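Peer 1: coords please:
(one chain, ligands or ions: 1)
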Amino acid sequence: MEGIAANELTKMWNDAVKAESPGLATSGGQIPQSTQANKPLPESLVPNPGYTSTPVGGGIYTFPLPVIPSQSYKEGGRRFGAGRDNGARKHAGCDLIVPPGTPVCAIANGYVRVDPYYFYNGSYALEVVHDGIVVRYGEILPMAFNSSKLDLLPEIKKDAKVIKGQVIGYIAKMTGGSSMLHFECYSNSALNGGLTDKSKSGGAYKRRSDLMDPTNLLDSAKASLPANPGNLDATRLQNAITVGHSTSKKAGY
Ligand SMILES: [Zn+2]
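Peer 2: Reported below is the predicted structural model:
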């Protein structure tokens, strides 16, 4: 599978944004503030409890997307710790708002922890172990993994090795119409079991206790974009963009 040049990827991706929101231009690989995919999320109802952000990164990670979202992942409903479900739980990751079909790239070398699985509002999630930490790449396109119609990433399954910058998923359009990478991080990859803990209540993070605030990791990774992901191919990207835009109409998968 041949890669494509960064400028070709940027053009295709910008074309997809323009097709979704005619009249809006993109620049510098960043998406405009007011595309349909950028609908603002509700502001926090619960204050951030002051979860400390473990200072990881330091340039060793690459950003999980080939572009930097124009909306900050540190503000509003997008930030770690923002309220969800009227304060019943807290947002356990950072939301990176990008159009459907945007490739998701591994932030480092690692391996897939479990097969991709159903996550939220018609989207899937993928868990990858990267040198001691676990990243849950959430709100990605299910049809990239398990559809007879579109099987873009058959190699992404339990125990598969991934390399830094490799395309490991594509952004889904959720049943509510929004699209983003929900980026979630855990500090102890030696622990077994699921990452979600629904027994936690009272406005807590419904997550395993080694949940991390991924903000610092993302901040440092921004210096290294996976501009030319190794396994990204123009046909795959076009398929992901096309199908990504249509999935919200197909809540049955
Ligand atoms: Zn999220």
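Peer 1: low-confidence stretches in this protein?
Peer 2: Scanning the chain for pLDDT under 70 picks out the ranges 1-59, 146-150, 227-234, 244-253.
Peer 1: any idea how far the residue nearest to residue 90 when sequence neighbours are not counted lies from the ion?
Peer 2: Leaving aside its sequence neighbours, residue 90 sits nearest to residue 205 (CB to CB, 6 or more residues apart in numbering; 4.9 Å). Yep, even glycine has a C-beta here, placed from its N, CA and C like the rest. Separation of residue 205 from the ion (CB to the ion, to the nearest Å): 12 Å.
Peer 1: next, count neighbours for residue 85.
Peer 2: For residue 85, the count of nearby residues is 10 (other CB atoms under 10 Å).
Peer 1: was I right about residue 189 contacting residue 134?
Peer 2: Yes - if you go by CB atoms under 8 Å, residue 189 and residue 134 touch, sitting 5.0 Å apart.
Peer 1: out of these two, which sits in the busier spot?
Peer 2: Using other CB under 10 Å, the more surrounded residue of residue 189 and residue 134 is residue 134, with 23 against 19.
Peer 1: need the contact list for that one.
Peer 2: Shown in contact with residue 134 (CB atoms under 8 Å, 6 or more residues apart in numbering): 113, 127, 128, 185, 186, 188, 189, 195.
Peer 1: which of those are buried?
Peer 2: 113, 127, 128, 185, 186, 189, 195 (16 or more other CB atoms under 10 Å).
Peer 1: about what we covered before: correct me, but the residue nearest to residue 90 touches residue 88?
Peer 2: No - checked against CB under 8 Å, the pair residue 205 and residue 88 is beyond contact range at 11.4 Å.
Peer 1: comparing those two, which residue is more hemmed in?
Peer 2: residue 205 (21 against 14).
Peer 1: whichever residue of the stretch 151-253 of the chain sits closest to the ion: which element?
Peer 2: Nearest residue of the stretch 151-253 of the chain to the ion (CB to the ion) works out as residue 182 at 3.4 Å. According to DSSP states H and E, residue 182 maps onto strand 180-186.
Peer 1: only C-alpha atoms, please: export that strand in CSV.
Peer 2: Below are the C-alpha coordinates for strand 180-186, written out as CSV (Å, rounded to 0.1, in the frame of the first residue of the first chain):
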residue,chain,number,x,y,z
MET,A,180,-14.4,13.9,16.6
LEU,A,181,-11.6,11.8,18.0
HIS,A,182,-12.3,11.1,21.7
PHE,A,183,-8.7,10.6,23.0
GLU,A,184,-8.5,8.8,26.4
CYS,A,185,-5.4,7.7,28.2
TYR,A,186,-4.4,5.3,31.0
